[in-house]
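>>> Fold the following and give me the result.
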Amino acid sequence: MDSESPSGILISVIIPTTRRPDLVQRALRSVLSQTHRHLEVIIVVDGPNPETIAVLAKVNDPRLKVIQNDLPRGAGVARNRGAASATGEWFAFLDDDDEWLPEKLERQLAVASGPEGWSLVSCCCRVCTPEGTYIWPHKLYDSSIPVDEYLFDRRTLFRGQTNFATASIFVSRKMFEQTGFGTTRQNEDTMLLLRVTKLAGGKVVMLPDTLVVLHHEEEGLRESLGASYSWQEMLKWLDETGPLFTKRAYSGFCLIYLGSQAARHHEYRAFFILLMRSFVRGKPRLMHVVTFILFWIFPIGFRRRARAWVNSAAQPAIRETNPQMPIRG
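As a prediction, this is how the structure comes out:
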């Protein structure tokens, strides 16, 4: 095999997991079935979990390496530990409840190995929810605006217009060693994107290909590596990370991201705190404020059904740019 060709490049895949042995097996199968065969898979079991360790011990593939943390430390720390053990030239990350299509790594590597000098390559995702299956994002990231504004300066009532899933990230080893996911339990993937684009001067591209499947069918019902919800902690994280956010993105994060979470958990004290903070430290759009208020008026079930209808209506146009991915309503 020619070590100069994309097929000869070693890719390290890092999967953090906790107490979900059945799901992590599905994720692992999607990695071992990749058309790009020259890879290593590092699964980081976050905390004591004999059942998962036993299941993974039965996998007969020399490309698999299992690491276990003595104590639960969160997804970001688990990914960083996996990356520290990796030997590949490129890193790819997958959550234990998601999966990849077979050509995911091959297509991303083909772009990353080109002359453009990309530091990070993303792609579109098929998002499976109880209400239906959609292709996200509707709008590809093209570097015309800062990545934080792309993610949080939302100009629509419903999610799906923008998206940067962790499972879609394909980043060079050199870039990751300068950035990493950070050590907090809040928004590790956002922190990586901010560091790549704003601190390290990395170049990011998003492919129109739908190569990742995100499973949200049991949203909120499964144990995961994500942090326990706390809008206060996330607001503290936002203030500490503030210099990396534009004012538009700061307001969008407060009102849309934190507002939706606080309203879902009936944290009514957050209403005035988040609204005031968005005006004092940010620059909210009318859409931010309107959407924020609607979060508190309409229950999450109603919003999800409305989002399903809007996303389903948007799919015909998206299907044209993602013809390889079937869509069901």
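>>> Setting aside sequence neighbours, what's the nearest residue to residue 55?
residue 21 (4.3 Å; C-beta to C-beta, 6 or more residues apart in numbering). In short, each C-beta sits where N, CA and C put it, glycine included.
>>> element containing residue 15?
strand 11-17 (DSSP states H and E).
>>> pLDDT averaged over the longest strand anywhere in the chain - what is it?
With secondary structure taken from DSSP state E, the chain has its longest strand at strand 204-215. Across strand 204-215, pLDDT averages out at 96.
>>> quick check, distance from the strand or helix carrying residue 45 to the centre of its chain.
If you go by DSSP H and E, residue 45 is part of strand 39-46. Once both centres are worked out by C-alpha atoms, centre = their mean, to the nearest Å, strand 39-46 turns out to sit 17 Å from its chain's centre.
>>> mind listing what it pairs with, with the direction of each?
strand 11-17 (parallel), strand 64-69 (parallel) (DSSP bridges).
>>> How about the contacts made by the nearest residue to residue 255 once chain neighbours are set aside?
Distance criterion C-beta to C-beta, 6+ apart; nearest residue to residue 255, sequence neighbours excluded, is residue 292 at 3.9 Å. Shown in contact with residue 292 (C-beta atoms under 8 Å, 6 or more residues apart in numbering): 255, 256, 259, 274, 275.
>>> Can I get the residues you listed in TSV including neighbour count and distance to residue 106?
Below are the contacts of residue 292 laid out as TSV (neighbours: other C-beta atoms under 10 Å; distance: C-beta to C-beta, whole Å):
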residue	neighbour count	distance to residue 106
255	28	40
256	24	35
259	27	40
274	23	43
275	19	47
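>>> on that earlier part again, ok, and what's touching the strand holding residue 15?
Against strand 11-17 from outside (C-beta under 8 Å, 6+ apart): 23-24, 27-28, 31, 36, 38-46, 49, 52, 75, 78-79, 82-83, 86-96, 105, 109, 173, 225.
>>> Any of the residues you listed buried? List them.
Neighbour counting with 16 or more other C-beta atoms under 10 Å marks 23-24, 27-28, 31, 36, 38-46, 49, 52, 75, 78-79, 82-83, 86, 88-96, 105, 109, 173, 225 as buried within the contacts of strand 11-17.
>>> where do the helices sit along this protein?
Secondary structure of the chain (DSSP state H): helices at 21-32, 50-57, 75-84, 104-112, 147-152, 173-178, 188-194, 231-241, 247-252, 259-264, 270-281, 286-297, 300-321.
>>> With mean pLDDT and distance to residue 214 added, can I get these in JSON lines?
Converted to JSON lines, the helices of the chain look like this (pLDDT from 0 to 100; distance: least, C-beta to C-beta, whole Å):
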{"stretch": "helix 21-32", "mean pLDDT": "97", "distance to residue 214": "11"}
{"stretch": "helix 50-57", "mean pLDDT": "96", "distance to residue 214": "21"}
{"stretch": "helix 75-84", "mean pLDDT": "93", "distance to residue 214": "15"}
{"stretch": "helix 104-112", "mean pLDDT": "96", "distance to residue 214": "13"}
{"stretch": "helix 147-152", "mean pLDDT": "96", "distance to residue 214": "16"}
{"stretch": "helix 173-178", "mean pLDDT": "95", "distance to residue 214": "22"}
{"stretch": "helix 188-194", "mean pLDDT": "93", "distance to residue 214": "13"}
{"stretch": "helix 231-241", "mean pLDDT": "92", "distance to residue 214": "21"}
{"stretch": "helix 247-252", "mean pLDDT": "97", "distance to residue 214": "21"}
{"stretch": "helix 259-264", "mean pLDDT": "92", "distance to residue 214": "18"}
{"stretch": "helix 270-281", "mean pLDDT": "97", "distance to residue 214": "27"}
{"stretch": "helix 286-297", "mean pLDDT": "95", "distance to residue 214": "22"}
{"stretch": "helix 300-321", "mean pLDDT": "60", "distance to residue 214": "13"}
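>>> so which of the ones you listed comes closest to residue 9?
Residue 9 lies closest, by C-beta to C-beta, to one member of the helices of the chain: helix 104-112, at 6.3 Å.
>>> Can I get that closest one as CSV, trimmed to CA atoms?
In CSV, the C-alpha atoms belonging to helix 104-112 read as follows (Å, rounded to 0.1, in the frame of the first residue of the first chain):
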residue,chain,number,x,y,z
LYS,A,104,-17.8,8.3,6.0
LEU,A,105,-14.1,8.2,6.6
GLU,A,106,-13.1,7.6,3.0
ARG,A,107,-15.0,10.7,1.8
GLN,A,108,-13.8,13.0,4.5
LEU,A,109,-10.2,11.8,4.1
ALA,A,110,-10.3,12.4,0.3
VAL,A,111,-11.2,16.1,1.0
ALA,A,112,-8.8,16.5,3.9
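>>> Now do it: distance to the chain's middle.
18 Å.
>>> same check, this time on stretch 161-170
For stretch 161-170, the distance to the chain centre is 5 Å (C-alpha atoms, centre = their mean).
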